[in-house]
Each structure stands twice: as C-alpha cells, then as structure tokens.
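Participant: Next comes the sequence, and after it the predicted model I'd like to discuss.
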Amino acid sequence: MSEPNEFSVSAVNRKRAEAASQPASDVPAVMTQPVVSRPATEPEPAAGGMALPFDPLRLIDALARHWLRLVLTAAIFGALALLIGFGSFVTEYTATAQFIKQEMPNTFRVSEVGEPFRPRQLTLPTLVGLMKSFSVLERTCQRAKTDLSPRALLGGLTITPERNTDLIKVSLKTSLGEQPTLDLLNAFGQEVVQMTRETQAQEAADMNKFLKQQLVKAEQDMVRINSELLAFSKESHVVDADKELDAELRKTGELDLKYETMRLDYETLDLKIEGLAKELGQHNPLTAQLQGARSQLAQLLNTYTEANPIVQSQRAQVAAIEKQIKESTSQTSSVSPSAGEGGTVAANLYMELVTSHSQKEILAAQLKQLAVVRETANKRLSGLPEKSMQYARIKARQQSLETARVLLASRQREAQLFEDSALGYCRFFEAQPQDVEVSGRGKKIAIALTAGTVMGLLLCVLLICLTESFDDRLKTPADVRRATQLPLLASLPDVTAWDAGKLEAWAFRTWMAFQSQLVAGPNQSLVCGFVSVSDGEGRSTWIRLLAGAAGQRERNVVVVANDPSAGTDTIRLDDALAQPSLVAQAATKPAAGAVWVVVGKDWQWNAARRRQWQTALALWQQRHGLVVLLELAAARKPETSLMAESLPNLVWLVGGGQARGRDTNEQLAALRQARCHLVGAVLNREPALRIPHARNS
C-alpha cells in the first residue's frame, strides 16, 4: 500500500499561469483542471499484453470444484475396463521343456579302413527352423488331438537356444488347461524328434542305395581280375614273386589303397552334392507358388471346363512356374549365390553345398598328386622281369579291388544301420507337471482396472483444464491484474450471506485503502469514477458501499449514478449541471448524507453539456473535503470516454466471471488512448475459490 499522493502547489500555479497566457476558448478558466501526477502504484501498460489468458491457479481450483466429476469419470472408465477384462482375459498355462542337440557317434563303424559313414550335422538355427515348419506343427496337433490350429500353436510357442550350449528351451502358452498344455508340448517334442529321425534315415537310405550300386560294380571287377590273374598264372607259370617284387607290390598296393579310398570319397561327395541340391530345390519359393497354382487350377476345373479361357490361363501359369522350377533346378546344380536364398534352412543347405564342392575340389587335387606318385612307383617296377611285372600289376589291381570292395561293404553296412536305427539330431526332455506355470487373470484384470481408472481420471482432468484454459472470463485477482495491467485496489466477494455489519466493515476498510491510492485535489477533495466493460457488473453496488463508508468518515459525498433508486435524495443530472453550487451546498449541510445525482435514460452527451460537466466538476473540486463518486456508463459507449478523460481518478471495475479478457483489453486500450487517469482496478463478486492462495496471488 503506497502513501497518498499530494498536489504540487507550484505545479498548480504554473498550470494556471499557462492557462491565463493562452487565448480565450469556449471553456471558462474555472473549468481548468489541476495537473495531477500518475500514482506510483499504477504500472505502465504492458506492450505485449498478457502472458497467459488465464490464472494458472484456476486450474487447481477447477479440479477441486469438479472433484465429484473426476471421481465419477474415473469410476465409469474403471468399470468399463473391468468389464472388458472379464470378457477378454483368461487364465493361461505355460509349460517348459528342453531339447539337446546330439552329435553323431562312431558306434556304427564296422571297418578300420577309411572314414566311417556319418550323416551331416545340423546347426542350432537350422534345427530351430525345422521345429517351426508347418508339417511338424500339423502333426503335433493331430497327435495331441486338439482343436488348436498350427498357426495358433506357433503363436504360443517360444523357442530359444541357450547361449554357448547345445540346449534349446521351448515354452508353450495356452488357455487349454494345465494337463492339455503339458500334453501338447510333449507331443510337439516327440514330433520334432521323429522328424529329425526321418530326415536322418532318408539321408542314410540314399547313401545306402548308392553304395549298393558301387558294391555290385566292385564285385564284377573283382571277378574279372581274379579270372585274369588265374589265366596269367597258367600261361606264365608264375607262382610267387621275389622279395623285391613283394616290397614294390606292397608299396604299390598301399598307394592303390589310398587312391581308391580317395576316389570313393570323391564319388560319395557327388552323391551328397546331388542330395543337397535336390533338397535345396525343395525350398525354392517357386515350389509353394506351383502348389498354389495347381490347387487353384483344380478348383477352377470343378467349376469350368477345359475350354474355358480362365482354366487355360491358369494351366499356362502352372506350366510357366514348372519351367521356372526346371531352370532354377539346373542352375542350382552349379553352385551360385541364388541357391542359398529362401530362409534359414535353405541358407544352411547352401552352405553345406558350397562346403561339399570345396571338399570335392580338394580331393580332385589330391587324386591328381597321388596319380603322379603311382606313376612313379610303376616306373620303378618296370625294371623287374616282364612276367613278374605283369603278375605284380595284376596282383596289385586285385588287392586294390579287394580293398575297395571291403571299404564299400563296410560303408554300406554302416549306412544300412543308420537307415534302420536313426538316432535323430536332437533329444527331447519331456515336460513334467511341476514345469507348468499358471498365470491367473486376476492380476491382468487388476491392471486393466487401474489403467482404466487412471485413463478416465486423466481424461477428465484434461477436459476440465482445457475448458478452464479457453475460458477468458476474469475470475480471480490474478486474472484482473493480468488483463488490466493495473494494481488491484480491492475485491468484493459474493455478499448474499453477509449481514449489514459485516458489509459496513468491509466498506469502511476498503474506503480507507482507496484514500491512499486516489489523487486528491488542492482542498483534499476526491473525484473518482467507476467504469466497466458492460452493465450489471456491480458499479452501483460499489459506489453505494463506498459512499456510505465515506459518510462514516464525515466526508461530504456527491454520487453521480445511473440507478434512480440508489439514494433517497436524488437530483437529475441536467439540474445538477445547471446549478452545480446547489449540489455542493446540499452535500455540505449537516447530517445531509450523500447527494445522489441521477443520470436519466434519455440523457445525451453534447458540446454544451460537456462544458457544463467540466464547470460543475471544477466547482465541486474546489469544495473542501468533498467526495464525488461517479458511476460511468459501459466503457464501449462513446460518452464514457468523454466523461472519463476529465476525471483525476478512474477505477476499472471487473465483474467476477462476467467480464472477458479480450473485451477488457480493448476498452482499456481506448481509455488509455483518451489519456484517462486509471489508478487501479477492483473485482466484484470474486468467486469463492477452493484454494486460499488463489485470492492473494
């Protein structure tokens, strides 16, 4: 609260001297107003306007006022979430089991000659890819006799290889029940093991067939060489060779054995390459397209005849896909990058195919070098007697063929054993009842209830805050300060429940605060006008209360108001302007109370009345201690600015919850442009906020 401002006598005399030196005008010298200084408490209008269109504390107050709405909205959303949870969530059962990858053992080795037959190894990613194949899932559903589709089974499966081990963890989540889930997972594990056994047995069967063909050929060669050796012995009478010949023959036999072993491995790689290329072709994306095209052709033939263009077009499409498959198959026979495309399984097959080709090239080089060594050994034998040499050659061939036959026979028996007793690529550890976890729906429903309640609460809070943010009505003292850029002199709450004593006490305190903010005249007279955006905001109420409080301070009061019933003794404004001295005299009578000057409804502002108004106002200001309170019309009316520009004190009144920020800014800007002396603002019908600090913010 600042100290009262006083007139400067020197400033008043200087102003009067300047007015006397100016040419005569239509305004008498007695109307000249003293120069007043702007109160120190009035801030300069902000050039940028308001920082925010509302008081942020109003958001908290709005939430406090609408607490019941918040509770109801949260309860409704929580109930909806609860209903959705009861209808959507079910109890889920999760069973867990493990696979372990098996290395192929050497148990089936039946010969010490050469390397034993072993099926190719599968990597963990390849094995996982085979587990997810449609055939395994379909056979699992058939074995378990469940209505669950293969796609749904795949959605509940989680297959995770454990890091740095040969273990694969498999979990299955369903809502079928504890025992059905356990049975379904065990059926899946059994089908996976069976699938790996069938794959391994098929590979061994192909190798067994190839080795049988080679063994028949070796038997035929053995019969022919024995006949040749017998004929040579009868013809040359050679029964035994000397020791040197035996040594050379032994060395040559070892070279031949090694050569035949490599040659057999070389031919075995050809069969393996052919099998890999065949299997890689089965993973060609064109195969699935061909099956779909053939299925669609069969459906069309059920509806149309062969002469129908649609059937002919579909048959042409099938032929085109078959042609592409043949071309891709021929290209697959030669190792190319395109053969490795099509998924994880196809990529592993392609890598094995590339490895087999590399091994074949290495064996070919070794065979070439070994052939050179054999040729050198044969040259050394050329120095022996011709008959011994011929006998040695025939004997060496016989030994080589015998060794090859034994090797083929052992490999064939090993392949036969793998075909009859395939172990598979993995072993399955069946899940037990204690490996099943039960996930009830109670926790999920509780989470849904909490989420729905919080969502409803946040949505209601958001709506209330948005509504309050876009409401530019001035409600709180902070709104008034922000909108008017004026100091708030006082505020009056809703006085409906107040008694007369409390209302008089408020008016007395407010008038005391007003006196320190208003600019007083040279004779301690006070002239103050009240203006607002529109009618009905409480100007007459404030003037009536402040006039009564000024009378309690034994001040003479003149009230210029629009309400004819506001006072007991009323004078029309036209009469008061015609004889302003009579009004002043009436106000200074002992126990006269406030003199009410009423503005008529048909009163119009003109130049003559303006001169009369300025003369009367100047005369009233000369009265010692006279208080003049004016109720101006709404700010949007032109005569309001004309009356307000001559007042030394102008107070802006805001009706709480009625005046809007944009209208207030526009009307205050017009008054400031008219150089009106705005000393502050007051708030009428201040809302009873739920938060106490909003009033004093």
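Facilitator: That came in fine, so what should we check first? Numbering: from 1, shown residues only.
Participant: which residues does Ser135 contact?
Facilitator: By C-beta atoms under 8 Å, 6 or more residues apart in numbering, the contact set of Ser135 is Met195. Using the backbone N, CA and C atoms, a C-beta is placed for each residue, glycine as well.
Participant: just the CA coordinates of the host helix or strand of it, formatted as PDB?
Facilitator: Using DSSP states H and E, Ser135 falls within helix 134-144. Taking C-alpha atoms only, helix 134-144 is exported to PDB below (Å, rounded to 0.1, in the frame of the first residue of the first chain):
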ATOM      1  CA  PHE A 134       4.200 -76.400 -40.800                       C
ATOM      2  CA  SER A 135       4.400 -80.200 -41.100                       C
ATOM      3  CA  VAL A 136       5.800 -80.600 -37.600                       C
ATOM      4  CA  LEU A 137       3.100 -78.300 -36.200                       C
ATOM      5  CA  GLU A 138       0.300 -80.000 -38.100                       C
ATOM      6  CA  ARG A 139       1.500 -83.500 -37.000                       C
ATOM      7  CA  THR A 140       1.700 -82.200 -33.400                       C
ATOM      8  CA  CYS A 141      -2.000 -81.100 -33.500                       C
ATOM      9  CA  GLN A 142      -3.000 -84.400 -34.900                       C
ATOM     10  CA  ARG A 143      -1.000 -86.400 -32.300                       C
ATOM     11  CA  ALA A 144      -2.400 -84.300 -29.400                       C
END
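Participant: So what's the gap between it and the chain middle?
Facilitator: Offset of helix 134-144 from its chain centre (C-alpha atoms, centre = their mean, to the nearest Å): 37 Å.
Participant: just stretch 593-611 next, same as before
Facilitator: 68 Å.
Participant: buried stuff in it?
Facilitator: Gly593, Ala594, Val595, Trp596, Val597, Val598, Val599, Arg609, Arg610 (16 or more other C-beta atoms under 10 Å).
Participant: Helices - which of those residues land there?
Facilitator: Judged by DSSP state H, these include Arg609, Arg610 as members of helices.
Participant: Okay, and which of the buried residues of stretch 593-611 map to strands?
Facilitator: Residues of those located in strands (DSSP state E): Val595, Trp596, Val597, Val598.
Participant: So what's the predicted local confidence for the residue nearest to Gln658 when sequence neighbours are not counted?
Facilitator: Distances taken as C-beta to C-beta, 6 or more residues apart in numbering put Glu537 closest to Gln658, at 5.6 Å, once the chain neighbours are dropped. For Glu537, the model assigns a pLDDT of 87.
Participant: For Glu537, grab phi and psi.
Facilitator: phi -90, psi -10 (degrees, to the nearest 10).
Participant: Touching, it and Trp652? I think so.
Facilitator: No: Glu537 is beyond contact range of Trp652, at 10.3 Å (criterion: C-beta atoms under 8 Å).
Participant: of these two, who's got more company?
Facilitator: Between Glu537 and Trp652, Trp652 has the larger neighbour count (other C-beta atoms under 10 Å), namely 27 against 22.
Participant: Counting by contacts, list what the host helix or strand of that one packs against.
Facilitator: For Trp652, the host element (DSSP H and E) is strand 650-655. For strand 650-655, the packing partners by 3 or more C-beta pairs under 8 Å, 6 or more residues apart in numbering; DSSP states H and E come out as helix 477-484, strand 526-531, helix 661-673, strand 678-686.
Participant: go again using 7 Å as the cut-off
Facilitator: Applying 3 or more C-beta pairs under 7 Å, 6 or more residues apart in numbering; DSSP states H and E, one finds that strand 650-655 makes contact with strand 526-531, strand 678-686.
Participant: Which among those is found nearest to Ala97?
Facilitator: Closest to Ala97 of those, according to C-beta to C-beta: strand 678-686, at 73.2 Å.
Participant: neighbouring contacts of that closest one?
Facilitator: 39, 41-42, 477, 480, 484, 486-494, 517-519, 537-538, 541-542, 649-657, 671 (C-beta atoms under 7 Å, 6 or more residues apart in numbering).
Participant: re the thing from before, report the buried residues of the helix holding Ser135.
Facilitator: So for helix 134-144, counting by 16+ other C-beta under 10 Å, buried means Val136, Leu137, Arg139, Thr140, Cys141, Arg143, Ala144.
Participant: and the helix or strand that comes right after that helix, what does it pack onto?
Facilitator: Note on helix 134-144: by DSSP H and E, the next helix or strand toward the C-terminus is helix 150-156. Applying 3+ C-beta pairs under 7 Å, 6+ apart, one finds that helix 150-156 contacts helix 134-144, strand 167-174.
Participant: so how far is the shortest one from its chain's centroid?
Facilitator: This means strand 167-174. 29 Å.
Participant: And for stretch 162-171?
Facilitator: 32 Å.
Participant: And it, end to end?
Facilitator: 13 Å (C-alpha to C-alpha, to the nearest Å).
Participant: list the buried ones in it?
Facilitator: Leu167, Ile168, Val170, Ser171.
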